[in-house]
Structure formats: structure tokens, C-alpha cells
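[1] Based on what follows, work out the 3D shape:
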Amino acid sequence: MESRGASSLLKDSIPITDFSLPGSFEGHGLRRGFPCVKNELVPSHPLELSEKNFQLNQDKTNFAMLRNIQGLHAPLKLQMELRAVKQAQRLPFLHSSNMALDTLRGNDECIGFEDILNDPSQSEVMGEPHMMMEYKLGLL
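    Below is the predicted model of the structure:
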């Protein structure tokens, strides 16, 4: 007789049966959890993706134009300034107008929807300051 381990003896002695139920439950939609509707959405209009990425496309175009006109240093300097302005923020529970970012992008002289419809007093983001800071610091 071969010397087999206890696990192989146990595996040979207990019959393994298939516990899946045949029938209508195999293809049930909730077997893998609730579906996320956001992942299944496709753009309803061809220009929706273009509008969604408008600022990114505009920045790429401006950086390419700056590079052609002034050389490699100009877009690198502007990208460095943009990154520095994005990192310096107010506390998460205070509204920030991001005026420095608008100035660097040239949007400080333009009036858009966000200027009229982005009233901080009607914001739904306002919460308890202590909890928001603990979340930002990773304590929650």
C-alpha cells in the first residue's frame, strides 16, 4: 500500500458533488452583484466625448502651439505652474474659485455656465469639516 497523506485519503473518501442548481438560476443577472449602470452607458451623441475631453484637447493644442512658437521650455514651464496650482488647495469643506488655474488657462476673462450656475451657497458638497479633513488625511 502506498503511503499517501491524510489530505489525499480525505479527498478520495468524500464524494464531491456539483452544488450549482440547474435551470433558470444559472443565467441570473444578480449572480455577480448589482450591475453598474454607469459602466453600461454609451455616449448618446457623437460630440459628447469631444465635449467631455474639451479642456484636455485644448491644453494639448495650446502646448503644441507654444512648443512650436517658443520652444520646449514654454510648455514645460506652463505644465509645472499648472501642477503647482492644482496641488495648492483650500480645505475640502471650503469653496475654492481656482482663480490662479483660470488665469493660467486664460479662462479668467470668459463667462461660462459654471460662473453663473456654480453658486457656493447652493452647493450640496458642504459637510462637516472635521469628517471631511479626516477623510482627506486617510483617518476614516
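[2] Only C-alpha atoms, please: export stretch 110-119 in CSV.
    Output in CSV follows, covering the C-alpha atoms of stretch 110-119 (Å, rounded to 0.1, in the frame of the first residue of the first chain):
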residue,chain,number,x,y,z
CYS,A,110,-14.5,84.2,-20.1
ILE,A,111,-18.0,83.8,-18.6
GLY,A,112,-19.3,80.3,-18.8
PHE,A,113,-22.1,78.2,-17.3
GLU,A,114,-20.0,77.3,-14.2
ASP,A,115,-19.7,81.0,-13.4
ILE,A,116,-23.4,81.6,-13.2
LEU,A,117,-24.7,78.2,-12.1
ASN,A,118,-21.9,77.4,-9.6
ASP,A,119,-23.2,79.3,-6.6
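[3] mean confidence score for it?
    Averaged over stretch 110-119, pLDDT sits at 79.
[4] do stretch 51-71 as well
    The pLDDT scores in stretch 51-71 average 93.
[5] Next, the buried residues of that stretch.
    Buried positions in stretch 51-71, judged by neighbour count with 16 or more other Cβ atoms under 10 Å: residue 66. C-betas here are computed from N, CA, C, even on glycine.
[6] Show me what that stretch is in contact with.
    By Cβ atoms under 8 Å, 6 or more residues apart in numbering, the surrounding residues in contact with stretch 51-71 are 50, 74, 75, 78, 79, 105.
[7] Widest-spaced pair of the residues you listed?
    Greatest spatial distance in the contacts of stretch 51-71: 50 and 74, 26.2 Å, computed using Cβ to Cβ.
[8] C-terminal to the helix ranked longest in the chain, what's the next element?
    Determined from DSSP state H, the single longest helix within the chain is helix 54-70. Using DSSP states H and E, the helix or strand that follows helix 54-70 towards the C-terminus is helix 73-87.
[9] That'll do, ta.
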